[in-house]
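> Structure of the sequence below:
(chains A and B)
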Amino acid sequence: GAGVSQSPRYKVAKRGQDVALRCDPISGHVSLFWYQQALGQGPEFLTYFQNEAQLDKSGLPSDRFFAERPEGSVSTLKIQRTQQEDSAVYLCASSLTLETYNEQFFGPGTRLTVL
Amino acid sequence: GQNIDQPTEMTATEGAIVQINCTYQTSGFNGLFWYQQHAGEAPTFLSYNVLDGLEEKGRFSSFLSRSKGYSYLLLKELQMKDSASYLCAVYQGGKLIFGQGTELSVKP
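Sure thing, here's the model as predicted:
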């Protein structure tokens, strides 16, 4: 596709439910990033991959959060036993490589609301 | 620790010039990005600075001083469509560390 796509665009979950958020990066992009953006705040880093390898997961807020990219393209962010504080927009971004000058292209995000 | 500061809100008039400042204190630095984000949409890339000085791109310019931990984004000939959030982000070790964003309102 032309850009980064994410699905679903909106997700409402009851507290305690598990959710899975999908990201399709730009074709050929090696690096993939997940960010969490609370209302009125800048995005906060969660984790990133180079191909299928998860190189940094230091931003994941708890062990309820898990991300994978098994074939080095599509990625899934899974949140188990969702809590109200998990409500946020989850942004995915991809870049050609991890080189600094390669800008990250962002998807439209998934807005998660936990009731 | 990581600290990136930018003003929360700014207001400017259509046709005018506005400067959005960003100061940073981070444990590593590999470049500074500015992104624009309209409400409910994805952030889009505006500029990238890794060396000191001014980078100009049409109506938008970005400046960096690494010794001062300071950057600014300059927007000229403001248009109503420039009303958005402007995000300053330091690139560090493979990831972007964002400020909270500056909400710019352009008035007629």
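> got any ranges where the chain has weak pLDDT?
Here I'm looking at chain A. A:1, A:98, A:100 (pLDDT under 70).
> that answer is for a different chain, and I need it for chain B
Looking at chain B by pLDDT under 70, you get B:1.
> and the residue in chain A that chain B sits nearest to, what does it touch?
Nearest residue of chain A to chain B: residue A:42, at 3.4 Å (Cβ to the nearest Cβ). The C-beta positions use only the backbone N, C-alpha and C, and glycine is treated the same way. With contact set as Cβ atoms under 8 Å, 6 or more residues apart in numbering or on different chains, residue A:42 has these partners: B:4, B:87, B:89, B:98, B:99, B:100, B:101.
> Quick check on the residues you listed: which are buried?
Neighbour-count burial (16 or more other Cβ atoms under 10 Å in any protein chain shown) is assigned, among those, to B:4, B:87, B:89, B:98, B:99, B:100, B:101.
> Is the third one in contact with residue B:35, as I believe?
Which is residue B:89. Yes - using Cβ atoms under 8 Å, residue B:89 is in contact with residue B:35, at 6.5 Å.
> first vs last residue of stretch A:10-21, how far apart are they?
End-to-end distance for stretch A:10-21: 10 Å, by Cα to Cα, to the nearest Å.
> in that stretch, what's buried?
In stretch A:10-21, counting by 16+ other Cβ under 10 Å, buried: A:11, A:13, A:19, A:21.
> same question, stretch B:65-73
Buried positions in stretch B:65-73, judged by neighbour count with 16+ other Cβ under 10 Å: B:69, B:71, B:72, B:73.
> Among these, which are located in helices?
Among the buried residues of stretch B:65-73, no member is found in helices (DSSP state H).
> Pick out whichever of those sits closest to residue A:7.
Nearest to residue A:7 among the buried residues of stretch B:65-73: residue B:73, at 31.9 Å, using Cβ to Cβ.
> Now for the closest one: which residues touch it?
Residues near residue B:73 by Cβ under 8 Å, 6+ apart: B:19, B:20, B:22, B:34, B:46, B:47, B:60, B:61, B:62, B:86, B:88.
> coming back round to it: from the buried residues of stretch B:65-73, which single one is nearest residue A:91?
For these, the nearest to residue A:91 is residue B:73 (20.3 Å; Cβ to Cβ).
> ok, now which ones touch the spatially most central residue of chain A?
Most central in chain A under Cα atoms, centre = their mean is residue A:34, positioned 3.3 Å from the mean C-alpha point. Shown in contact with residue A:34 (Cβ under 8 Å, 6+ apart): A:23, A:45, A:46, A:47, A:48, A:67, A:75, A:77, A:90, A:91, A:92.
> Could you measure from the residue nearest to residue A:73 when sequence neighbours are not counted over to residue B:60?
Setting aside the residues directly before and after it, residue A:73 is nearest to residue A:25 in space (Cβ to Cβ, 6 or more residues apart in numbering or on different chains), at 6.6 Å. Separation of residue A:25 from residue B:60 (Cβ to Cβ, to the nearest Å): 26 Å.
> Same question for residue B:15.
Distance from residue B:15 to residue B:60, by Cβ to Cβ: 15 Å.
> Thanks a lot, catch you later.
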